[in-house]
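# okay, sequence plus prediction incoming.
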Amino acid sequence: MTWEECLEKNDAKETREDKNRANSLVKTSENRMKHVLESEIKDYNASTLFSEAYEALLQICQAIISLRGYKVYNHVCITSFLDEVLGEKSMSNKFDRYRKVRNGINYYGEEVGENFAEKAISEIEDMISSLKTDFLEDIET
């Protein structure tokens, strides 16, 4: 789905810039990632920790979206936002890949192993850092 289709179908809408919401989302994301990074990844908790890291990434994306004056109602449209609005094609592809893995965990009972979670969490940590540097440098946390 393109960003334009997201807007046309009301899966995303223009709203006012919301710095307070963005600040709150960034703080929550940071706390979530702190928990993930302080946890020892084992096969029994790998899916949970991966999902938490994905949620932290999602919150950073939502913070950026809030600062740009939009509200997005599904994760597919966040993929489109990253690609088409921010011009982050590679980031968009990674986000979408992790969205699908997270959906498999949440909706189909799939699991990820320790090795996958370690690599994915590390990449998500890098993605968050890059997004914060490039699009949230002026935000107060």
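Arrived safely, thanks for sending. Numbering: from 1, shown residues only.
# how close does the residue nearest the centre of the chain get to F81?
Nearest to the geometric centre of the chain sits L58, at 2.1 Å (Cα atoms, centre = their mean). Separation of L58 from F81 (Cβ to Cβ, to the nearest Å) stands at 12 Å. C-beta here means a position set from N, CA and C on the backbone, and glycine is covered the same way.
# I figured L7 hits T15, correct?
No - using Cβ atoms under 8 Å, L7 makes no contact with T15, being 11.7 Å away.
# which one of those two has more residues nearby?
L7 (16 against 13; other Cβ atoms under 10 Å).
# next up, the contacts around that one.
By Cβ atoms under 8 Å, 6 or more residues apart in numbering, the residues touching L7 are 13-14.
# ok, now how distant is it from D83?
14 Å.
# then E114?
E114 is 31 Å from D83, by Cβ to Cβ.
# okay, buried residues for stretch 41-48 please.
Of all the residues in stretch 41-48, those buried under the rule 16 or more other Cβ atoms under 10 Å are 41, 46-48.
# ok, those residues vs Y98, which is closest?
Distance to Y98 across the buried residues of stretch 41-48 (Cβ to Cβ) is lowest for S47, with 12.5 Å.
# touching, the closest one and A117? I think so.
Yes - taking Cβ under 8 Å as the definition, S47 is a contact partner of A117 at 7.3 Å.
# now do the helices in this structure.
For the chain, the helices defined by DSSP state H cover 3-8, 19-38, 46-67, 75-80, 89-108, 114-135.
# point out the most buried one among the ones you listed.
Compared across those, helix 46-67 shows the largest average neighbour count, a mean of 23 (mean count of other Cβ atoms under 10 Å).
# report the angle between that helix and helix 89-108.
130 degrees (axes from the mean of the first three to the mean of the last three Cα atoms, to 10 degrees).
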